[in-house]
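Undergrad: 3D model of this:
(one chain, ligands or ions: 1)
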Amino acid sequence: MARKIGSRYTVHQVIGRGSAGTVWLGEGPDGPVAVKLLREDLASDQVLVGRFVQERAALTGLDHPRVVGVHDMVVDGSDLALVMELVQGSDLRSRLEREGVLTPQAAASVIADVADGLAAAHAAGIVHRDVKPENVLLDLAAPAGPGGAPRAKLTDFGIARLVDAPRRTRATRIIGTPDYLAPEIIEGLEPRAAVDIYALATVLYELLTGTTPFGGGHTGAVLRRHVTENVPPVAGMPDGLWRIISECLAKAPASRLRAAELADRLRELLPSLAGLPPLAVPAQRTPVEEVLTPGEAVYAEADTGTGTHRRRRGPAVPLVPAPSPDSTRDTHTSLRRPSPEELASYAAESRAQRGAAPHGGHRRNRSALVRRRRMIAVVVALVLLLAGAAAAYTAFAAEVPGAGVPVRGSGTCASGPCGP
Ligand SMILES: Nc1ncnc2c1ncn2[C@@H]1O[C@H](COP(=O)(O)OP(=O)(O)OP(=O)(O)O)[C@@H](O)[C@H]1O
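TA: The predicted structure follows:
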């Protein structure tokens, strides 16, 4: 079904779908293009439309081989569209889902490409704010890089901020995807270039191990780990890569590498990584309902910070009309910022989750159902343990008169007088 977008573009077929809209294969005056049509509720937000026009120059002006070019931005009736360079290939998330992990050399090469793109953006004063495998496209039409690694391009520049900022209060909202959020964002500081480096190092860790270093479980628990925990070491990780990951996941933004430094350091390492096999990570059973077939779209959703973050998959469907046209709805890139008390209260769950996951991390393609069942099992085990302890204590107290123990700090006894 062909459809006109503005006066210059026609779209034919859906090629992917994200939380902000649907990506179509289209045709423009200069040839094939990818057109991202924003959700209807976003397109009808007048503040967003204003911002869209305002950001046009910055987004269309970013011209770099490692960045997916934005050729045009169209406002046409109820349509709000970004016209992009068409990349022949798949996104990095799909590749990861298919292969589990990449070889160290392929992972380093892909991340060096993305770091090049980020360096250009940062030099132009643009912070991406949503670096993650979904936003890295692999250009299979380009000659392969070192060790046969596909060439990578970063996409969705500024989109997270574009679709969220007009309707959100910066003090209470976080823009980004939980597993990749730098600690300073969670703490409420203004996001600068270093947040993209933190997210990119998280992607590197994920390409090597199949898990993100701080992901898993309740969104609040994930946010808390970013702020308080150190990245768990990984057996078999090449030293050079481990040093880079540790530096780029530093809690202090100023301690992280700059994008150009990161690209250089990774490229220096490439020869030493040649021929190394992927890290041996525990086998992962892919739940039946999560198997991807070619042509399926991958998209993510999360709630407002009080629930789980999960990925959903399904056949790509045209977004006409957009589902749930509700202008107050959260996208996966917008989360409520938790209070310090809330962050602290997520600690218990965080520990339980990390104890259960390989590398202490989170394999993102594990189903939400499995995680929920595990949590229920932990809670049931704790209740049974407490019930058992209470029963044993009652029996002991009944047999031994005066066996009550003082309640700490109260000066009274748990079961009657404390004795002489
Ligand atoms: N320029 C492009 N060329 C070719 N395919 C693209 C292009 N941009 C996006 N796609 C395809 O469309 C899919 C959806 O992209 P989109 O940017 O809407 O969502 P996402 O980044 O996967 O998720 P989200 O927006 O929720 O973060 C991508 O996974 C990719 O397969």
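
Undergrad: list the residues that contact Ala58.
TA: Applying CB atoms under 8 Å, 6 or more residues apart in numbering, we find Ala58 in contact with 124-126, 158. C-beta coordinates here come from the backbone N, C-alpha and C atoms, glycine included.

Undergrad: buried ones in stretch 108-127?
TA: Of all the residues in stretch 108-127, those buried under the rule 16 or more other CB atoms under 10 Å are 108-122, 126-127.

Undergrad: repeat for stretch 250-258
TA: Within stretch 250-258, the residues that count as buried by 16+ other CB under 10 Å are 250-251, 253, 256-257.

Undergrad: equivalent analysis for stretch 3-10, please.
TA: Using 16+ other CB under 10 Å as the test for burial, stretch 3-10 gives 5-6, 8-9.

Undergrad: about what we covered before: format the contacts of Ala58 as TSV; extra columns: pLDDT and secondary structure.
TA: Putting these into TSV (pLDDT from 0 to 100; DSSP: H, G, I helix; E, B strand; the rest coil) gives the following:
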residue	pLDDT	secondary structure
Ala124	91	coil
Gly125	90	coil
Ile126	90	coil
Gly158	70	coil
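
Undergrad: those helices in the stretch 201-350 of the chain, which residues are they?
TA: Shown for the stretch 201-350 of the chain, the helices assigned by DSSP state H, counting those that start in this stretch span residues 219-228, 239-248, 259-273, 340-345, 347-356.

Undergrad: weakest of these in terms of mean pLDDT?
TA: Sorting the helices of the stretch 201-350 of the chain by mean pLDDT places helix 347-356 lowest, at a mean of 52.

Undergrad: show me which residues of this protein are close to the ligand?
TA: For the chain, the residues in contact with the ligand (CB under 6 Å from any ligand atom) are 15-21, 23, 34, 36, 68, 84-87, 90-91, 134-135, 137, 155-156, 298-300, 332.

Undergrad: farthest pair in the buried residues of stretch 250-258?
TA: Farthest-apart pair in the buried residues of stretch 250-258 is Lys251 and Leu257; separation 14.4 Å (CB to CB).

Undergrad: remind me which helix or strand Ala120 belongs to.
TA: Remark: Ala120 resides in helix 104-123, with elements defined by DSSP states H and E.

Undergrad: what's the first helix or strand after that helix?
TA: Helix 104-123 is succeeded, C-terminally, by strand 136-139 (DSSP H and E).

Undergrad: check which helices and strands the following helix or strand past that following strand sits against.
TA: Note on strand 136-139: by DSSP H and E, the next helix or strand toward the C-terminus is strand 151-154. Packing partners of strand 151-154 (3 or more CB pairs under 8 Å, 6 or more residues apart in numbering; DSSP states H and E): helix 104-123, strand 136-139.

Undergrad: against which helices or strands is the shortest one packed?
TA: Under the contact criterion of 3+ CB pairs under 8 Å, 6+ apart, the helices and strands touching strand 136-139 comprise helix 92-99, helix 104-123, strand 151-154.

Undergrad: also the longest one?
TA: Taking 3+ CB pairs under 8 Å, 6+ apart as contact, the helices and strands that helix 104-123 lies on are strand 136-139, strand 151-154, helix 193-209, helix 239-248, helix 259-273.

Undergrad: go again using 10 Å as the cut-off
TA: Here helix 104-123 touches helix 92-99, strand 136-139, strand 151-154, helix 193-209, helix 239-248, helix 259-273, going by 3 or more CB pairs under 10 Å, 6 or more residues apart in numbering; DSSP states H and E.

Undergrad: the longest one to helix 92-99, inter-axis angle?
TA: Meaning helix 193-209. Counting by axes from the mean of the first three to the mean of the last three CA atoms, to 10 degrees, helix 193-209 lies at 20 degrees to helix 92-99.

Undergrad: what mean pLDDT does stretch 30-41 get?
TA: On average, stretch 30-41 scores 93.

Undergrad: buried sites along stretch 125-138?
TA: 126-138.

Undergrad: same thing with stretch 221-241?
TA: Quick answer for stretch 221-241 (16+ other CB under 10 Å): 221-227, 229, 231-232, 234, 237-238, 240-241.

Undergrad: just these now: which is nearest the ligand?
TA: Minimum distance to the ligand across these is 16.6 Å, recorded for Val222 (CB to the nearest ligand atom).

Undergrad: separation between the closest one and Asp45?
TA: 28 Å (CB to CB, to the nearest Å).

Undergrad: same deal with Ala34?
TA: For Ala34 relative to Asp45 (CB to CB), the value is 23 Å.

Undergrad: what's the answer for Glu268, then?
TA: 46 Å.

Undergrad: ok, now Glu97?
TA: Counting by CB to CB, the gap from Glu97 to Asp45 is 32 Å.

Undergrad: go on, Ala142?
TA: Distance from Ala142 to Asp45, by CB to CB: 36 Å.

Undergrad: those two: which is more packed in?
TA: Between Ala142 and Asp45, counting by other CB atoms under 10 Å, Asp45 is the more crowded of the two (19 against 15).

Undergrad: surely the more buried one touches Ser78?
TA: No: contact between Asp45 and Ser78 fails when scored by CB atoms under 10 Å: they sit 11.3 Å apart.

Undergrad: Tyr198: which of the helices and strands packed on strand 136-139 is closest?
TA: Using CB to CB, the nearest of the helices and strands packed on strand 136-139 to Tyr198 is helix 104-123, at 11.5 Å.

Undergrad: quick one, the closest one and helix 193-209 angle?
TA: Using the same axes, to 10 degrees: helix 104-123 against helix 193-209 is 170 degrees.

Undergrad: low pLDDT regions in the protein?
TA: Residue ranges of the chain with pLDDT under 70: 160-173, 282-385, 387-420.
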